[in-house]
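Participant: I need the structure of the sequence given here:
(2 chains)
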Amino acid sequence: DSGVTQTPKHLITATGQRVTLRCSPRSGDLSVYWYQQSLDQGLQFLIQYYNGEERAKGNILERFSAQQFPDLHSELNLSSLELGDSALYFCASSAGTALNEQFFGPGTRLTVL
Amino acid sequence: AQSVSQHNHHVILSEAASLELGCNYSYGGTVNLFWYVQYPGQHLQLLLKYFSGDPLVKGIKGFEAEFIKSKFSFNLRKPSVQWSDTAEYFCAVIPFSGGYNKLIFGAGTRLAVHP
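Facilitator: Numbers count the residues shown, from 1 in each chain, chains lettered A, B, ... in the order given. Predicted structure coming up:
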């Protein structure tokens, strides 16, 4: 158990819908990272938040957005879903910058039908 | 574009065989290097990391990796694998780009160890 929790574990939805994935970092960690893992793209960095502020952006689509709340939990919002958005979405947390070890959550498996 | 290449997508070994998984990255500046492992049904875990100093890095569970700057490589090794090493292994790089923020992963190598 890494100490990072993600909900839900599985999510099945239809094209065009909007979903919210939730992540709670390890106690004391200020940084939260979101990753997408798919068969064709591999493990891709989406976005990082540090203490409530966006710190870095990766290959995140405009239909996707994220935020980190004052209690440091984070949510990833995916809208206008397409079949290709089906993937495993991981959250990770670290004490500070990305140089610190990142601890990964179990992931949310999103299936878009 | 910055990228990480892992040469083998699938590796099958017998117990006690030696392991070497290749990893190359494409970035000319300062980098920090990692190997993560994902056991079946589990989350990603850090095996080892290299920031600076001795290019031969030792990690958990008997794994080590060697950073060869001239070859842009960071290969993972283990002298004698066990069945419990069956997992997927990811090489990752953080390039310095106005800060160290983005962890760039390779495609992963699935290792199957047969008893």
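Participant: who in chain A is up against chain B?
Facilitator: By CB under 8 Å from any CB of the partner chain, the residues of chain A that approach chain B are A:2, A:4, A:33, A:35, A:42-45, A:48, A:55-56, A:58, A:90, A:92, A:97-99, A:101-102, A:104-107. (C-beta placed from N, C-alpha, C; glycine too.)
Participant: Now intersect those residues with the helices, please.
Facilitator: Using DSSP state H, no member of the residues of chain A next to chain B sits in helices.
Participant: From those residues, keep the buried residues only.
Facilitator: A:2, A:4, A:33, A:35, A:42-45, A:48, A:55-56, A:58, A:90, A:92, A:97-99, A:102, A:104-107 (16 or more other CB atoms under 10 Å in any protein chain shown).
Participant: A:Cys91 - how many residues pack around it?
Facilitator: 30 (other CB atoms under 10 Å in any protein chain shown).
Participant: pretty sure it is in contact with A:Cys23, am I right?
Facilitator: Yes. Counting by CB atoms under 8 Å, A:Cys23 is a contact partner of A:Cys91 at 3.3 Å.
Participant: any idea of the pLDDT on the residue lying closest to A:Tyr35 once chain neighbours are set aside?
Facilitator: Distances taken as CB to CB, 6 or more residues apart in numbering or on different chains place A:Phe90 nearest to A:Tyr35, at 4.4 Å, with adjacent residues excluded. pLDDT recorded at A:Phe90 is 96.
Participant: thinking A:Phe90 is in contact with A:Phe103, fair?
Facilitator: No. Using CB under 8 Å, A:Phe90 is not in contact with A:Phe103, being 10.7 Å away.
Participant: Spit out the contact partners of the residue nearest to A:Tyr35.
Facilitator: A:Gln6, A:Trp34, A:Tyr35, A:Gln36, A:Gln37, A:Leu43, A:Phe104, A:Gly105, A:Gly107, B:His43, B:Leu44 (CB atoms under 8 Å, 6 or more residues apart in numbering or on different chains).
Participant: The same query, at a cut-off of 10 Å, please.
Facilitator: A:4, A:6, A:21, A:23, A:33-37, A:43, A:45-46, A:102, A:104-108, B:38, B:43-44 (CB atoms under 10 Å, 6 or more residues apart in numbering or on different chains).
Participant: coming back round to it: the buried ones among the residues of chain A next to chain B in strands, which ones?
Facilitator: Of the positions in these, A:Tyr33, A:Tyr35, A:Gly42, A:Leu43, A:Gln44, A:Phe45, A:Gln48, A:Arg55, A:Ala56, A:Phe90, A:Ala92, A:Phe104 sit in strands, assigned by DSSP state E.
Participant: Which strand residues bridge the first one?
Facilitator: Put plainly, it is A:Tyr33. A:Gln48, A:Ala92 (DSSP bridges).
Participant: From A:Ser79, how far off is the closest residue to A:Ser38 other than its chain neighbours?
Facilitator: Residue nearest to A:Ser38 in three dimensions, not counting chain neighbours: A:Ala87, with 4.0 Å by CB to CB, 6+ apart. In this view, A:Ala87 and A:Ser79 are 15 Å apart by CB to CB, to the nearest Å.
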